[in-house]
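S.K.: just need the structure, nothing else, for what follows:
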Amino acid sequence: MSPYFQLSACAEMLWRDRPIEWRAARLTEMGLGVGLWNGADHDLAKLEAVGADYTIMNGYLRGRLADDEGADLLLASARETVRIGKRLGVSRLNLHGTGLGEGGIPVRQHEQVTGAMWIKARDTLNRICDLAEQEGVVFTLENLNQIDHPGCPFGATADVLALVSSVDRPQLRINLDLYHTQIGEGDLIRWCERCLPWIGEVQVADNPGRCEPGTGEISYPAIASALAGMGYRGPVGMEAYARGDSDAAVEAFVTSFAL
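M.R.: Numbers count the residues shown, from 1 in each chain. Model prediction:
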């Protein structure tokens, strides 16, 4: 296991023919934390019984950052997911610029993000931080690429960094997904450096294919070394499908970040 990073993997994307609680138990046996997407989709009692370290899950079920109706929906939804997250002991609750529908397509797409939308998004995130402060939880805002998630506002790595750094409260961190950064911007190590003061989690998958490290063009051992060198000691989560065997995919991930 890595001496530098807290490793986890998204249970939703591995051993996809097995029940979710089996997957959580398998990751726990392998010494990793467990990431989830929507906790509300699962039998919480069965997940609780596993005794896993649940590291991250979606922090909302519906809503948007940048309009009044969407913000109110987001806050109400976040209150629901906070209850679920606290029940499972989830460390971080994840947000996106807007709700995602089937296949990850934004429910409400935007060709252009206006100045008014930026102001509203910052206000909404401050309201999220107020909720998080009251409840003793942490939210993250994730970057998303425009190929897999076309029309998602605030999806670029630069946009997520701008919002989180401008809010600059400990209840809101960046979920820096390097798979999405590779597709959207590239230059991964320098983006890690720029985001470093606000990173709550680094997520990884190789590109193309969104499978485990070693299946595509990204040199994750080099990124692991760079992250360690710049002093990052936080969570690294594999949010990736297995190219073949899920056990082998997890082992490839662990090896890439073992240093």
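S.K.: same question for stretch 210-220, mean pLDDT?
M.R.: Here stretch 210-220 scores 98 as its mean pLDDT.
S.K.: can you check stretch 114-128 too?
M.R.: 98.
S.K.: buried stuff in that stretch?
M.R.: The neighbour-count check on stretch 114-128 (16 or more other CB atoms under 10 Å) flags Met117, Trp118, Lys120, Ala121, Arg122, Thr124, Leu125, Ile128 as buried. For every residue, glycine as well, the C-beta is placed using N, CA and C.
S.K.: please apply the same query to stretch 152-161.
M.R.: For stretch 152-161, the neighbour count (16+ other CB under 10 Å) marks Cys152, Pro153, Phe154, Gly155, Ala156, Thr157, Asp159, Val160, Leu161 as buried.
S.K.: report the contact partners of Ala132.
M.R.: For Ala132, the contacting residues are Val82, Leu93, Val138, Phe139, Gln171, Leu172, by CB atoms under 8 Å, 6 or more residues apart in numbering.
S.K.: what sits closest to Phe253 if chain neighbours are left out?
M.R.: Sequence neighbours aside, Met238 is the residue nearest to Phe253 in space, at 4.4 Å (criterion: CB to CB, 6 or more residues apart in numbering).
S.K.: with the buried residues of stretch 114-128 in mind, which one is nearest to Ala9?
M.R.: Of all the buried residues of stretch 114-128, Ile128 has the smallest distance to Ala9: 25.9 Å, by CB to CB.
S.K.: which SSE is the closest one in?
M.R.: Element membership for Ile128 (DSSP states H and E) is helix 115-135.
S.K.: kindly format the C-alpha coordinates of that helix as PDB.
M.R.: C-alpha atoms of helix 115-135 as PDB (Å, rounded to 0.1, in the frame of the first residue of the first chain):
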ATOM      1  CA  GLY A 115     -21.100  36.300 -15.500                       C
ATOM      2  CA  ALA A 116     -24.400  36.100 -13.600                       C
ATOM      3  CA  MET A 117     -24.100  32.300 -13.500                       C
ATOM      4  CA  TRP A 118     -20.600  32.600 -12.000                       C
ATOM      5  CA  ILE A 119     -21.900  34.900  -9.300                       C
ATOM      6  CA  LYS A 120     -24.800  32.600  -8.500                       C
ATOM      7  CA  ALA A 121     -22.600  29.500  -8.500                       C
ATOM      8  CA  ARG A 122     -20.300  31.100  -5.900                       C
ATOM      9  CA  ASP A 123     -23.300  32.100  -3.800                       C
ATOM     10  CA  THR A 124     -24.700  28.500  -4.000                       C
ATOM     11  CA  LEU A 125     -21.300  27.000  -2.900                       C
ATOM     12  CA  ASN A 126     -21.200  29.400   0.000                       C
ATOM     13  CA  ARG A 127     -24.600  28.100   1.000                       C
ATOM     14  CA  ILE A 128     -23.300  24.600   0.700                       C
ATOM     15  CA  CYS A 129     -20.400  25.500   3.000                       C
ATOM     16  CA  ASP A 130     -22.800  26.900   5.500                       C
ATOM     17  CA  LEU A 131     -24.700  23.600   5.500                       C
ATOM     18  CA  ALA A 132     -21.400  21.600   5.700                       C
ATOM     19  CA  GLU A 133     -20.200  23.700   8.600                       C
ATOM     20  CA  GLN A 134     -23.400  23.100  10.500                       C
ATOM     21  CA  GLU A 135     -23.200  19.300   9.800                       C
END
